[in-house]
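**Student:** All I have is the shape, not the residue letters:
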């Protein structure tokens, strides 16, 4: 069964607002990663958080990890049109498994 | 570095034909991954190599699929014979240290089997 599940499936917000996406998983992990995919392109790595970390920042990105709830969230602050993309979490249990993604649309 | 290179970018073929997808990983990356992406199933890991050796092929859907990595700079994914349900975008990715760390994805090959 799918290890990572993103929520919501789709999200539309106004430019400048913050976007929050969530990921839930089922088994123990070493790392959790977030990737971005623009339409028609390959995935691009955004950030990795280790199982012993609770929060990590990279520019406008903030990732949290709650291993007790087996969940993670990705926050994009001050969204821009260029942030329009699909966002995937990936977990590394026995093998890496990607969720089905959240489609983020930034409205001008 | 040019990044991960995949060819062809688009492939349209008829059911029953052999399809070969190609990948050149980033130089120096010891790990190479093949993924398939569809709307229904999302992104699935098919197989991955470490130092040219297949490590986990449990995601390969059936015997019609095979993958090789004859050297550190080249890998192929072959489907023979192809079926319409194989239609998907196939991605190749490479990484320095394994599947649980940053992977660099190629642009993908969009395969359509009619």
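**Tutor:** That came in fine, so what should we check first? Since the structure is predicted, the reported quantities are computational estimates derived from the model, not experimental observations.

**Student:** State the mean pLDDT of stretch A:44-53.
**Tutor:** Stretch A:44-53 shows a mean pLDDT of 97.

**Student:** Quick check: residues of chain B near chain A?
**Tutor:** Within reach of chain A by CB under 8 Å from any CB of the partner chain, chain B has these residues: B:4, B:33, B:35, B:42-45, B:56, B:58-59, B:91, B:93, B:99-108. For glycine as for every other residue, the C-beta is placed from the backbone atoms N, C-alpha and C.

**Student:** cutoff 10 Å now
**Tutor:** Proximity of chain B to chain A (CB under 10 Å from any CB of the partner chain) is limited to residues B:3-4, B:6, B:9, B:33, B:35, B:37, B:39-45, B:48, B:55-56, B:58-59, B:89, B:91-93, B:95, B:98-108, B:110.

**Student:** And the residue nearest the centre of chain B?
**Tutor:** residue B:34 (3.2 Å; CA atoms, centre = their mean).

**Student:** pLDDT weak spots in chain A?
**Tutor:** A:1-4 (pLDDT under 70).

**Student:** Quick one: name the residues of it near chain B.
**Tutor:** A:2, A:4-6, A:29-33, A:35, A:37, A:40-48, A:50, A:88, A:90-101.

**Student:** Any of the residues you listed buried? List them.
**Tutor:** A:2, A:4-6, A:29, A:31-33, A:35, A:37, A:42-43, A:45-48, A:88, A:90-92, A:96-101 (16 or more other CB atoms under 10 Å in any protein chain shown).

**Student:** Sitting in strands, which of these do you find?
**Tutor:** When these are checked against strands (DSSP state E), the matches are A:5-6, A:31-33, A:35, A:37, A:43, A:45-48, A:88, A:90-92, A:96-98.

**Student:** Now do the strands in chain B.
**Tutor:** Applying DSSP E to chain B gives strands spanning B:5-7, B:10-13, B:19-24, B:31-38, B:42-50, B:53-56, B:65-71, B:74-79, B:88-95, B:104-105, B:109-113.

**Student:** for these, which one sits closest to residue A:11?
**Tutor:** Comparison of the strands of chain B against residue A:11 by CB to CB identifies strand B:42-50 as nearest, at 17.2 Å.

**Student:** Can you check what angle separates the closest one from strand B:65-71?
**Tutor:** If you take axes from the mean of the first three to the mean of the last three CA atoms, to 10 degrees, strand B:42-50 sits at 40 degrees to strand B:65-71.

**Student:** what's the closest non-adjacent residue to the residue nearest to the centre of chain B?
**Tutor:** residue B:46 (4.5 Å; CB to CB, 6 or more residues apart in numbering or on different chains).

**Student:** and the one you found, what pLDDT?
**Tutor:** Predicted confidence (pLDDT) for residue B:46: 97.

**Student:** For chain B, see how far away the residue nearest to residue A:89 when sequence neighbours are not counted is.
**Tutor:** Excluding the flanking residues, the one nearest residue A:89 by CB to CB, 6+ apart is residue A:23, at 3.5 Å. Relative to chain B, residue A:23 is positioned 13 Å away (CB to the nearest CB, to the nearest Å).
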